[in-house]
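[1] Need coordinates for the below:
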Amino acid sequence: MSERRSPYLLLGVPFGASKEVASRAFAKATRRLKRAIDAPYDLEDLNWALHAIEQRIEDPGSSIDDYRIPANPSVYEIPSGEGILNPPVQPYERRTQPTDPATIEALRVQIIREVAASVIAEWLGSPLPQIHSFPESSESSES
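    Take a look at the predicted model:
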């Protein structure tokens, strides 16, 4: 009966990874496992995965029953140029008339007035912040 889990997937390494890569991935996975509250696997699964990868390196024939996910990393690279999934930009034709500069200027003035009015309403009646405090001198009180 073949195992329906992939040691490569458990450790997060590509199929055919070396012992060194698998060992580093095992160390990372165990650290992640210690921090995880509800991990989908335990330390026993990670040990199994590392042992299985080491065994497959020593005996490549034992990997024939491995469950593999066929993935080519280059498929996930976003193409930089135009293509079937990245068509060229086609701007729409304008359906409205351009706004005249006088209307834009009138809107700008109206916005400035509304903002100024809201600032004045917010600060009206509130005391100005005291920037500097000047101590009363004894000379001015004597005069």
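[2] Regarding this structure, what is its longest helix?
    helix 101-123 (DSSP state H).
[3] average model confidence for that helix?
    The average pLDDT within helix 101-123 is 94.
[4] How far away from the center of its chain is that helix?
    Relative to its chain's centre, helix 101-123 lies at 38 Å (CA atoms, centre = their mean, to the nearest Å).
[5] Then stretch 21-38?
    22 Å.
[6] Kindly report the same for stretch 114-128.
    Counting by CA atoms, centre = their mean, stretch 114-128 comes out at 40 Å from the chain centroid.
[7] which other residues reach it?
    Identification of contacts with stretch 114-128 by CB atoms under 8 Å, 6 or more residues apart in numbering yields no residue at all. Yep, even glycine has a C-beta here, placed from its N, CA and C like the rest.
[8] Can I get it as CSV, trimmed to CA atoms?
    C-alpha atoms of stretch 114-128 as CSV (Å, rounded to 0.1, in the frame of the first residue of the first chain):
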residue,chain,number,x,y,z
GLU,A,114,-15.9,75.2,2.5
VAL,A,115,-12.6,74.0,4.1
ALA,A,116,-11.9,77.5,5.5
ALA,A,117,-15.4,77.7,6.9
SER,A,118,-15.2,74.3,8.6
VAL,A,119,-11.8,75.2,10.1
ILE,A,120,-13.1,78.5,11.4
ALA,A,121,-16.2,76.8,12.8
GLU,A,122,-14.1,74.2,14.6
TRP,A,123,-11.7,76.7,16.1
LEU,A,124,-14.1,79.6,16.7
GLY,A,125,-14.4,80.2,20.4
SER,A,126,-11.6,77.9,21.5
PRO,A,127,-8.6,79.6,23.1
LEU,A,128,-5.5,79.9,21.1
